[in-house]
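Asker: Predicted model follows, preceded by the sequence.
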Amino acid sequence: MIALIMAGGIGSRFWPLSREDNPKQFLPIVSADSMIKLTVNRLLKNVALKDIYIVTAASQVELVKFHIPDLDPQNIIVEPFGMNTAPCIALSLAWLENKYSENETMLVAAADHLITDTDEFYKCVDIARQTAENDMLVTFGIKPDYAAISYGYIEIGDKIGEKSFSVASFKEKPDKKTAQTYLETGRFLWNSGMFLWKLKTIRQAFIHLQPAIWQLLEKIKTDWIKYGKNSDITSLYKQMPRLPVDIGIMEKSANIAVIPSDFGWSDVGGWKALHDISPKDENNNFFKKPGITFDSEDNYIFSEKLVSLIGVKNLVVIETEDVLLIADLDKSEEVKKIVGYLRDKNQNNYL
């Protein structure tokens with residue numbers, strides 16, 4: 001099995017800790033190791049390092065090399081710049097299909113997701129591999145334990161295997177009322193954004209469903225043959241549609257399957273999500289360093305200083321060398337607005 005790790009994002013929801021020159025996937029957010037190193041170590045339990053590939057933007061290649069020093073540089077697939085997941089996966093496929101049999105299976109995962117139950121994860125991967133052998137495009141749906149509004153959802157269809165199902169529909173991020181309805185029906189799973197398929201199956205999907213992407217890739221492959229892997233493909237790659245693979249491929253396909261999964265998954269999508277999975281005191285406060293609280297609860301404090309709280313609730317406080325962020329924890333994903341503001345004002349030293 002091949003494992004493809006997507007590591008090209010900028011992690012704007014973790015600003016100000018996540019910056020363009022050191023984004024979320026390269027930060028030690030949930031442990032002493034960076035998110036990307038945790039991901040690689042998890043995969044190494046069942047996948048040889050020579051079969052692990054990381055696709056990332058050109059600006060992040062050196063970061064990948066620093067965090068995963070044992071990885072062969074030939075296993076780093078370089079996007080000229082970050083795009084959405086459909087072009088990212090297609091570019092990787094074009095590189096990999098010259099090295100592997102078309103019947104080889106490929107697991108696609110993000111560099112910045114957390115999985116706490118590795119044994120259960122690989123049980124689901126085994127089921128997905130068996131399902132993919134029948135030329136299915138397989139996704140992993142996470143069994144929800146609350147009415148989340150920050151995830152897309154997958155509606156379970158008919159049973160097609162002992163633990164695999166067809167997909168009735170994909171749903172975008174819902175409002176709270178709709179999410180509660182999804183939870184109560186028991187037919188909906190969180191969309192994890194992880195996939196498994198044979199190279200042949202996903203290749204055919206791109207050819208039939210996204211011919212514009214595949215035509216560009218054929219030109220890129222010609223450049224690779226002529227000039228090598230380091231040839232400049234920028235002008236071709238920028239013509240790619242910025243489509244997520246969910247919309248560009250999965251929602252359009254008839255041969256898709258979902259594996260209901262429960263392996264302690266989180267996309268750690270922002271400060272609130274990180275607060276949810278972090279160790280906290282008896283009043284539900286997290287401190288990076290020991291803090292002092294009086295009549296304060298449900299706060300997330302990331303600072304190297306001694307922080308004292310009196311009579312505050314539901315705050316996120318993030319201190320870096322040059323920035324202090326203070327926000328309502330429930331609105332912390334709106335930190336992307338600050339990133340957009342700074343970019344509009346050309347204050348790139350804070351990005």
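Answerer: Structure received. In this text, all values refer to a predicted model and were calculated from it rather than measured experimentally.
Asker: Tell me the bridge partners for the spatially most central residue of the chain.
Answerer: For the chain, the residue lying nearest the average C-alpha position, counting by CA atoms, centre = their mean, turns out to be residue 110 (3.4 Å). Note on residue 110: beta-bridge partners residue 6, judged by DSSP bridges.
Asker: Hmm, residue 6 and it touching each other?
Answerer: Yes - here residue 110 lies in contact with residue 6, judged by CB atoms under 8 Å, at a distance of 5.3 Å. Bear in mind the C-beta positions are built from the backbone N, C-alpha and C, glycine included.
Asker: sorry, back to before: what distance do you get for the residue nearest to the centre of the chain to residue 8?
Answerer: Between residue 110 and residue 8 the distance, using CB to CB, to the nearest Å, works out to 10 Å.
Asker: Then residue 310?
Answerer: According to CB to CB, residue 310 and residue 8 sit 42 Å apart.
Asker: the more surrounded of those two?
Answerer: Between residue 310 and residue 8, counted using other CB atoms under 10 Å, the more crowded position is residue 8 (25 against 9).
Asker: Specify the residue ranges that define each domain of the chain.
Answerer: Listed by automatic domain parsing, the domain ranges of the chain are 2-266, 271-350.
Asker: could those domains go into JSON lines alongside mean pLDDT?
Answerer: Formatted as JSON lines, the entries for the domains of the chain read as follows, by pLDDT from 0 to 100:
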{"stretch": "domain 2-266", "mean pLDDT": "94"}
{"stretch": "domain 271-350", "mean pLDDT": "94"}
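Asker: most neighbours per residue, which of the ones you listed?
Answerer: When the domains of the chain are scored by mean count of other CB atoms under 10 Å, the highest mean neighbour count falls to domain 2-266 (a mean of 18).
Asker: so who does the residue in the chain sticking out farthest from the centre touch?
Answerer: No residue in the chain has its C-alpha farther from the mean C-alpha position than residue 294, which lies at 37.2 Å (CA atoms, centre = their mean). When the contact criterion is CB atoms under 8 Å, 6 or more residues apart in numbering, the partners of residue 294 are 309, 310, 311.
Asker: Just the helices from the stretch 201-350 of the chain, written as ranges.
Answerer: 211-227, 234-237, 245-248, 271-277, 335-344 (DSSP state H, counting those that start in this stretch).
Asker: helices or strands up against the longest one?
Answerer: For helix 211-227, the elements it packs on are helix 85-96, helix 199-209, helix 234-237, judged by 3 or more CB pairs under 8 Å, 6 or more residues apart in numbering; DSSP states H and E.
Asker: With distance to residue 34 added, can I get the helices of the stretch 201-350 of the chain in TSV?
Answerer: Rendered in TSV, the data for the helices of the stretch 201-350 of the chain read as follows (distance: least, CB to CB, whole Å):
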stretch	distance to residue 34
helix 211-227	30
helix 234-237	26
helix 245-248	24
helix 271-277	14
helix 335-344	20
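Asker: can I get the CA coordinates of stretch 262-280 in CSV?
Answerer: Listed in CSV are the C-alpha atoms of stretch 262-280, where the atom choice follows Å, rounded to 0.1, in the frame of the first residue of the first chain:
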residue,chain,number,x,y,z
ASP,A,262,-14.4,5.3,15.3
PHE,A,263,-10.6,5.7,15.8
GLY,A,264,-10.4,8.9,17.9
TRP,A,265,-10.2,11.2,14.8
SER,A,266,-10.1,15.0,14.9
ASP,A,267,-9.0,17.4,12.2
VAL,A,268,-7.9,19.8,15.0
GLY,A,269,-9.5,22.5,12.9
GLY,A,270,-9.0,25.4,15.2
TRP,A,271,-8.4,26.6,18.7
LYS,A,272,-11.8,25.4,20.0
ALA,A,273,-11.2,21.9,18.5
LEU,A,274,-7.8,21.9,20.2
HIS,A,275,-9.3,22.9,23.5
ASP,A,276,-11.8,20.0,23.2
ILE,A,277,-9.0,17.4,22.9
SER,A,278,-6.5,19.0,25.3
PRO,A,279,-6.0,18.0,29.0
LYS,A,280,-7.7,20.5,31.2
